[in-house]
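Student: just a sequence and a predicted model for now, questions to come.
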Amino acid sequence: MLYYLCKILLLLIARPFFRARARGVEKIPVKKAILFVSNHASFLDPPLIGMFVPGRVYYMGKKELFDNRLFGWFLGQLGTIPIRRTGLDREGIRICRDILKSGKSLLVFPEGTRTPDGNLREMKRGIALLTQEIPEIDLMPVYIDGTFKAWPRGRKIPKPAKVSVFFGDSFKISQKGVAM
């Protein structure tokens, strides 16, 4: 219930404040688990992408976000899975795998952290492990634009900026390569 209430409130705020728009939403399968894979430029990325995904989506989030018990509880209610960013968090990967295997969708940021300069960073290896464990999962690339301008690292609060979310065509990774 809290998830959907937050989603509605976010829609009411994000549309005018960030002029938030999305393209490719019609490509998202409604009754199928999807592994959404996105760039990561701002704290705004998870909620703004999630607001356009039909239904519920779960998220990976750095474990440090859960240090504050109240905020950690809130994130947990929204479906955020705490992930340790140092080394390989096998327990976090297992939880994400179980979410996907149960038919629920998950949003991940393969870069592992927000970009310091607005440019894409190198992918971490956790996403590769996750796709190896669930080779049948559909991956959907997502590109979010404008959130770095709205709320870059180091800035205390966001400022108005146009934000666009682009959903690409889903695909599977198989032993033979990428299958569309």
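Tutor: Arrived safely. The structure displayed is predicted, hence computed values, not measured ones.
Student: for the chain, which spans come out with low pLDDT?
Tutor: Counting by pLDDT under 70, the ranges of the chain that qualify are 174-180.
Student: give me the residue at the spatial middle of it.
Tutor: The geometric centre of the chain, computed from its C-alpha atoms, lies nearest to Leu107 (C-alpha atoms, centre = their mean), at 3.2 Å.
Student: which residues touch that one?
Tutor: Contacts for Leu107 were tallied using C-beta atoms under 8 Å, 6 or more residues apart in numbering; they are Phe36, Ser38, Pro46, Ile49, Gly50, Val53, Val57, Tyr58, Tyr59, Met60, Val142. For glycine as for every other residue, the C-beta is placed from the backbone atoms N, C-alpha and C.
Student: please repeat the previous calculation with a cut-off of 10 Å.
Tutor: 34-38, 45-46, 49-50, 53, 57-61, 79-80, 140, 142 (C-beta atoms under 10 Å, 6 or more residues apart in numbering).
Student: just the residues you listed: which are in strands?
Tutor: Using DSSP state E, the subset of the contacts of Leu107 located in strands is 34-38, 57-61, 80, 140, 142.
Student: okay, the residues you listed in TSV with neighbour count and distance to Gly72 next?
Tutor: Listed next are the ones in strands among the contacts of Leu107 as TSV, based on neighbours: other C-beta atoms under 10 Å; distance: C-beta to C-beta, whole Å:
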residue	neighbour count	distance to Gly72
Ile34	24	26
Leu35	22	24
Phe36	24	23
Val37	20	25
Ser38	21	23
Val57	23	19
Tyr58	21	15
Tyr59	21	13
Met60	25	14
Gly61	21	10
Thr80	19	9
Met140	21	28
Val142	24	25
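Student: closest one of these to Ile127?
Tutor: Val37 (6.7 Å; C-beta to C-beta).
Student: which of the residues in the lengthiest helix in the chain are buried?
Tutor: Scanning the chain for the longest helix, with DSSP state H as the assignment, gives helix 2-18. By 16 or more other C-beta atoms under 10 Å, the buried positions in helix 2-18 come out as Cys6, Lys7, Leu10, Ala14, Phe18.
Student: so what's the last one closest to, chain neighbours aside?
Tutor: Taking C-beta to C-beta, 6 or more residues apart in numbering as the measure, Phe18 lies nearest to Val163, with 4.2 Å between them; neighbours along the chain are not counted.
Student: pretty sure the one you found sits against Ser42.
Tutor: Yes - taking contacts as C-beta atoms under 10 Å, Val163 lies within contact range of Ser42: 9.0 Å.
Student: now the common contact residues for these two.
Tutor: Here Val163 and Ser42 share the contacting residues Leu48, Ile144, Gly146, Thr147, Phe148, Lys149, Ala150, Trp151, scored by C-beta under 10 Å, 6+ apart.
Student: make CSV out of the residues you listed and add distance to Pro116.
Tutor: Below are the shared contacts of Val163 and Ser42 laid out as CSV (distance: C-beta to C-beta, whole Å):
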residue, distance to Pro116
Leu48, 20
Ile144, 16
Gly146, 17
Thr147, 14
Phe148, 10
Lys149, 14
Ala150, 16
Trp151, 13
